[in-house]
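Visitor: Take this sequence and fold it.
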Amino acid sequence: MKIVQFILLIGALAVCGTAQAEVTFDIVDVGYATDISADGTVVVGNTQGAYETFRWTEEDGMVPLGLASVPVLGVGAGTPDVSDDGTQASATILGRDSTYVTVGIWTLGAWWQEMMPPTLPDGGIIDNAYGSAWGLSGDGTTVVGLYWRPGHGGPGGDGVAHACKWTVDGGMVDLGSAGGNSRANACSYDGSVIGGWAASDVGVWQPTVWVDEEMTVLQESDAMAMVNTVNYDGTIVGGQAYDDSLSISVATLWRWNGSSWDENRLGVLPNTFPHYGSVTCNDMTPDGSKVVGYNAYDWTQSTGFIWTEETGMFDVEDYLNDNGIFVPTSFTIQTLTGVSDDGQTMVGIGRDTMPPWNGKWFIIRSTSTGIADGPDTPDEAQVVSRVRAYPNPTRGTTTLSLNLPESTRVDLEIYDISGRLVRRLVDGTVEAGAHEVRWDGKDVSGTNVASGIYFCRLAAFGHEETTKITVMR
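Guide: Numbers count the residues shown, from 1 in each chain. Model prediction:
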């Protein structure tokens, strides 16, 4: 990994290339990108606030598609998805008479087509909704999600939801459950293989796959886990599985071997807190060689990850830094949500680190597939886990965590946004292992620092890295 001087991190956004690949990073607009077309030219997602579905292209920008349900009924659910060719989008939409929420599919140059009503015989409306859309097949013929079943709940009578699929030819089909709620999140190109979750008897979501409508629970988990993505031909599904050693759900792929599903745990990023973190796959290339997703370190901090068969899992910010790009201090990356079939284009979501704290989406483009252009790997003795801060944002006190492979000299310092040294927390030799250092939110004089953005700089083994800390008084 390249040495990154602190002062670079407070400059303007840099867009430049490296010998490995030309990489660009652009924060596009306010909103949340949730899916990308096969060739990377069309993005769909939700606007902020109204939760209206949008379709974006370089030529037309963000085009709202209408029928937003939140402004009218206060109900919003699901995720917009796009067909491989970018001409169709699925989403949860406002019904034709504006009194209910339903599942819909939009076709370029046409209007929305509703999936419900009519609903299935045991279906109906709960909280003004017939159901919600969570995935679309690559050929645009199958929409998956859930439908509500009033009267099938427990003592409260609230009803349960079942995973469902809708096809052009067959209409709505109940995919069933493991006894409780269930939901379908994604499907293969032709819609024959579907991934999602089915709740256990005690309500815990379990990663689940349906092949030609036959359900298989991939793991009887002790914590929430699910399938979020299915590759082109349905031979690989990705999401998360519960890991007993960490007591969290970790990013996982399942590959069909001809008779059963082989599990492959992709792991977590360094400094992900046991019991509090969560890591999941959101999308993959057709051959499963590149995966993108979400890594929550704890309840307050997250980032996007990239995984490849050659490099393993790494932080998307490390990927950008290694290619000469530094994310602005006014913005933080939270997740990667989509990748094009060739691996060259990725989209994700982040947020402003200062008021009004807008959610924004971004796009990363590369001239290579990204299969082998991850961060450079230093010698083993130089590996330092990125320093993490918890809680972040903080009202004053935060705990900084780091992990050292062996004893070494460590400098751990706090700087303000102008590059001025605020506080030196560690200045000396630290033994190998995991360590936590407390910063009380004060400067060298013992005065509480003002609200704003600060940077914690870690230097060890001739390597430097930083993390942003937001102080809110």
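
Visitor: Does the residue nearest to W357 when sequence neighbours are not counted lie in a helix or a strand, and which?
Guide: What sits nearest to W357 in space, not counting adjacent residues and going by C-beta to C-beta, 6 or more residues apart in numbering, is R351, at 6.0 Å. C-beta coordinates here come from the backbone N, C-alpha and C atoms, glycine included. Using DSSP states H and E, R351 maps to strand 345-352.

Visitor: what comes into contact with that strand?
Guide: Strand 345-352 has contacts (C-beta atoms under 8 Å, 6 or more residues apart in numbering) with 27, 32-33, 36, 40, 43, 292, 304, 306, 316, 330-340, 357-366, 370.

Visitor: Narrow those residues to those in helices?
Guide: Secondary structure from DSSP state H places V316 of the contacts of strand 345-352 in helices.

Visitor: Would you show me how to pick out the buried ones of the contacts of strand 345-352 in PyMOL?
Guide: Only the buried members of the contacts of strand 345-352 end up in this PyMOL selection, burial being decided by 16 or more other C-beta atoms under 10 Å:
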select buried, resi 27+32+33+36+40+43+292+304+306+316+331+332+333+334+335+336+337+338+339+340+359+360+361+362+363+364+365+366+370
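
Visitor: quick one: E52 and V101, what's the gap?
Guide: Distance of E52 to V101, computed by C-beta to C-beta, to the nearest Å: 13 Å.

Visitor: out of those two, which sits in the more crowded spot?
Guide: Neighbour count, other C-beta atoms under 10 Å: between E52 and V101, V101 has more, with 29 against 24.

Visitor: Next one: the residue nearest to that one when sequence neighbours are not counted, what pLDDT does it get?
Guide: Leaving aside its chain neighbours, V101 sits nearest to A129 (3.9 Å; criterion: C-beta to C-beta, 6+ apart). Note for A129: predicted pLDDT of 96.

Visitor: contacting residues for A129?
Guide: A129 is in contact with 75, 77, 92, 100-102, 148, counting by C-beta under 8 Å, 6+ apart.

Visitor: Format those as JSON lines; extra columns: pLDDT, secondary structure and distance to P121.
Guide: Formatted as JSON lines, the contacts of A129 follow (pLDDT from 0 to 100; DSSP: H, G, I helix; E, B strand; the rest coil; distance: C-beta to C-beta, whole Å):
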{"residue": "V75", "pLDDT": "90", "secondary structure": "coil", "distance to P121": "23"}
{"residue": "A77", "pLDDT": "94", "secondary structure": "coil", "distance to P121": "23"}
{"residue": "T92", "pLDDT": "98", "secondary structure": "strand", "distance to P121": "22"}
{"residue": "Y100", "pLDDT": "97", "secondary structure": "coil", "distance to P121": "18"}
{"residue": "V101", "pLDDT": "97", "secondary structure": "strand", "distance to P121": "20"}
{"residue": "T102", "pLDDT": "97", "secondary structure": "strand", "distance to P121": "17"}
{"residue": "W148", "pLDDT": "95", "secondary structure": "strand", "distance to P121": "13"}
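
Visitor: Among those, which one lies nearest to S247?
Guide: Of all the contacts of A129, A77 has the smallest distance to S247: 28.6 Å, by C-beta to C-beta.

Visitor: Now for the closest one, how many residues are close by?
Guide: Residues lying near A77 (other C-beta under 10 Å) number 19.

Visitor: Burial check on V23, number of neighbours?
Guide: By other C-beta under 10 Å, the residues close to V23 number 23.

Visitor: Now V72: which helix or strand?
Guide: Here V72, judged by DSSP H and E, is contained in helix 70-73.

Visitor: And the next helix or strand past that helix?
Guide: strand 81-82.

Visitor: tell me what that next one is packed against?
Guide: Counting contacts by 3 or more C-beta pairs under 8 Å, 6 or more residues apart in numbering; DSSP states H and E, strand 81-82 is packed against strand 32-36, strand 43-46, strand 88-94, strand 131-136.

Visitor: Send over the third one as CSV, restricted to the C-alpha atoms.
Guide: By that I understand strand 88-94. Coordinates of the C-alpha atoms in strand 88-94 are reproduced here as CSV (Å, rounded to 0.1, in the frame of the first residue of the first chain):
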residue,chain,number,x,y,z
GLN,A,88,-36.5,-1.8,-17.5
ALA,A,89,-36.6,-0.9,-13.8
SER,A,90,-38.5,-2.6,-11.0
ALA,A,91,-39.5,-0.7,-7.8
THR,A,92,-42.1,-0.3,-5.1
ILE,A,93,-44.6,2.3,-6.4
LEU,A,94,-47.8,4.2,-5.6
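
Visitor: Can you tell me the strand partners of that strand and which way each runs?
Guide: Next to strand 88-94 in the sheet, as set by DSSP bridges, lie strand 81-82 (antiparallel), strand 101-107 (antiparallel).

Visitor: Go ahead and name everything in contact with the first one.
Guide: Taking contacts as C-beta under 8 Å, 6+ apart, the residues outside strand 81-82 that touch it are 34-37, 42-44, 55, 88-91, 133-136, 186.

Visitor: swap in the longest one?
Guide: Contact partners of strand 101-107, identified using C-beta under 8 Å, 6+ apart, comprise 53, 55, 65, 67, 69, 73, 75, 77-78, 87-95, 112-117, 128-133, 136, 140, 143, 145, 147, 166.

Visitor: Pretty sure L269 sits against I306.
Guide: No: counting by C-beta atoms under 8 Å, L269 sits too far from I306 to count as a contact (10.4 Å).
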